[in-house]
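Trainee: Need coordinates for the following:
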Amino acid sequence: MKKQTSALLALLLCLTPFLLTVKDGYVALYDRETAHWEMTDTPLASLPPEDQALLTQGIPLETRPAVTEAMEDFCS
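Mentor: Numbers count the residues shown, from 1 in each chain. I've put the predicted structure just below:
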């Protein structure tokens, strides 16, 4: 089951236009269409362990409103 979950997550990461993740120790957004990183001022270490794990794995997002909501959740 874990292999199937990992494969599904990998597929989602390839298909979604945005990825909220970690870069250089900070929460960051990667825009696949422009290949641009949007860095935040939020250090990964400042977040709870559960959030750190989610962001380290990467959170696929499909729309700009979903990006805005996720950024507000993790960075405020």
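
Trainee: low pLDDT regions in this structure?
Mentor: Across the chain, the ranges flagged by pLDDT under 70 are 1-14.

Trainee: okay, which residue is most central for it?
Mentor: Nearest residue to the geometric centre of the chain (Cα atoms, centre = their mean): Leu20, 1.9 Å.

Trainee: and that one, what is it in contact with?
Mentor: Counting by Cβ atoms under 8 Å, 6 or more residues apart in numbering, Leu20 touches 27-29, 55, 58-59, 61, 67, 70-71, 74. For every residue, glycine as well, the C-beta is placed using N, CA and C.

Trainee: now do Pro48
Mentor: By Cβ under 8 Å, 6+ apart, no residues touch Pro48.

Trainee: Go ahead and list the helix or strand containing the nearest residue to Asp24 once chain neighbours are set aside.
Mentor: Leaving aside its chain neighbours, Asp24 sits nearest to Met39 (7.7 Å; criterion: Cβ to Cβ, 6 or more residues apart in numbering). Following DSSP states H and E, one finds Met39 within strand 36-43.

Trainee: in the helix or strand following that strand, what's buried?
Mentor: As assigned by DSSP H and E, the chain's next helix or strand after strand 36-43 is helix 49-57. Buried residues in helix 49-57, counted by 16 or more other Cβ atoms under 10 Å: 51, 54-55.

Trainee: got the CA positions of helix 49-57 in CSV?
Mentor: Coordinates of the C-alpha atoms in helix 49-57 are reproduced here as CSV (Å, rounded to 0.1, in the frame of the first residue of the first chain):
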residue,chain,number,x,y,z
PRO,A,49,6.8,18.7,13.1
GLU,A,50,3.7,17.6,11.2
ASP,A,51,3.8,20.7,8.9
GLN,A,52,7.5,20.2,8.4
ALA,A,53,6.9,16.7,7.2
LEU,A,54,4.1,17.7,4.8
LEU,A,55,6.2,20.5,3.3
THR,A,56,9.3,18.4,3.0
GLN,A,57,7.3,15.9,1.0
